[in-house]
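Participant: Turn this into a model:
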Amino acid sequence: MKNIVFTIGLILLFILSSFTVVDERDLRVNTVVIDAGHGGKDSGTSGAVSKEKNIALNIALKLGKTIEQNLKDVKVIYTRTSDKFIELEERAQIANKNGADLFISIHCNSLPRSTPEAKKQGIYGTETYIMGMHTSDANFDVAKRENAVILMEDGIKETYEGFDPNSPESYILFSLYQSAYMENSLRLAEKIEKQFKERVQRKSRGVRQAGFWVLYRTSMPSVLVETGYLSNKNEEKYLSDPYGQTLIASGLFRAFRDYKNEIESTIN
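Facilitator: As a prediction, the model looks like this:
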C-alpha cells in the first residue's frame, strides 16, 4: 500500500512539475509573426506617389531585421517578404501553425480624397488596433477597408463563413468575441503608441478597437498598426522615406522588446 501511495505521489509530482515547465514556456516570447499588410494585386490604400503595400513591407522587414540582430532568442516569421498576395485567413494561420507568441500586422491609413478632412490635410498620426467592436464610424471604416481584401479571394463563402466586410450585420459576430489574449494585446498596443509619441515623435491617435478578421483568427496576443495617413502629404513623405520607415520600425522594436521583458519578468 505504501508503495502504491509513493508511486502515485511521484506521478502527481511529475505532472505538476511538467505543468510548471509548460507554463513558463508559455510566458516566453520566442516567436513573433510580422505581417506586412496587403501585397501583390492588393495595393492597399495609396497616397499621391506611394502604395501602402510597399511601405508596410519595408517597415516589416526593417522591424524583423532589428529584432533578429538584437534579440537572438526570438524567431521572426514573416507572412510575406516580397510583393506577394497573401489571403487574409492564411496570414492568421501562418501565426497559428507556427505557435507564435505575438502577431504584429503593419499598415498605412488614409482618408477618401473627396472628404473635407483629406482636402485640408488635417488628419494624421498613428493608431494601433486590437480586436474588438468598433465604437465609432471612423474605426469601422478602417476595419472595412482592411477586411475588404477578402473580396479579392476565391471561395470566400467557405473560408470566411459568409462574412461580408461591407455589411454591418456581419460584424455582429465580433460582438461575441472574448479572448484570453485581450489584456496582453492591449499591453503591447499601449507600448507601441507610447514609443511612437515619446521616442519617434509622431502624433499618436491612441489605441483603438475594431473588428479585423486577421486579429479575430489569431490565437495569440495580436495588434494591427496603422503607421500614418497616406492621404496627408507630409505624412506620406515621411512614411515613403527610408529614414522615416526606420524610425517607425525602431519604435515598434522598442515596444516589442519592452513587452517581452515585462512578460518574461514574471518567470521565476
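Participant: what's the host helix or strand of Asp141 in contact with?
Facilitator: Assigned by DSSP states H and E, Asp141 falls within helix 137-147. Contacts to helix 137-147, defined as Cβ atoms under 8 Å, 6 or more residues apart in numbering, come from residues 37, 45, 88, 107, 109-110, 127, 129, 134, 163, 165-166, 168, 171, 208-214, 224, 226. Quick note: C-beta positions are derived from backbone N, CA and C, even for glycine.
Participant: Could you identify the helix or strand that succeeds it?
Facilitator: Next element after helix 137-147 (DSSP H and E): helix 156-159.
Participant: So which residues of the stretch 151-268 of the chain form strands?
Facilitator: 204-210, 222-229 (DSSP state E, counting those that start in this stretch).
Participant: Of all the ones you listed, which one is nearest Ile55?
Facilitator: Among the strands of the stretch 151-268 of the chain, strand 222-229 comes nearest to Ile55, with 7.3 Å by Cβ to Cβ.
Participant: circling back to that earlier point, list the buried ones in the helix holding Asp141?
Facilitator: Of all the residues in helix 137-147, those buried under the rule 16 or more other Cβ atoms under 10 Å are 138-140, 142-147.
Participant: can you redo the strands of the stretch 151-268 of the chain as TSV with mean pLDDT, mean neighbour count and distance to Leu252?
Facilitator: TSV is the format used below for the strands of the stretch 151-268 of the chain (pLDDT from 0 to 100; neighbours: other Cβ atoms under 10 Å; distance: least, Cβ to Cβ, whole Å):
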stretch	mean pLDDT	mean neighbour count	distance to Leu252
strand 204-210	96	20	13
strand 222-229	98	28	7
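Participant: among these, which is nearest Ala60?
Facilitator: strand 222-229 (10.0 Å).
Participant: what's the angle between the closest one and strand 204-210?
Facilitator: Calculated by axes from the mean of the first three to the mean of the last three Cα atoms, to 10 degrees, strand 222-229 forms an angle of 140 degrees with strand 204-210.
Participant: want to try JSON lines for the strands of the stretch 151-268 of the chain, with distance to Ile263 as columns?
Facilitator: Converted to JSON lines, these look like this (distance: least, Cβ to Cβ, whole Å):
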{"stretch": "strand 204-210", "distance to Ile263": "18"}
{"stretch": "strand 222-229", "distance to Ile263": "14"}
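Participant: Which one of those lies nearest to Asp101?
Facilitator: Using Cβ to Cβ, those put strand 222-229 closest to Asp101, at 10.4 Å.
Participant: The closest one pairs with which strands?
Facilitator: Using DSSP bridges, the strands paired with strand 222-229 are strand 102-109 (parallel), strand 126-131 (antiparallel).
Participant: With respect to burial, which of those scores highest?
Facilitator: strand 102-109 (a mean of 27; mean count of other Cβ atoms under 10 Å).
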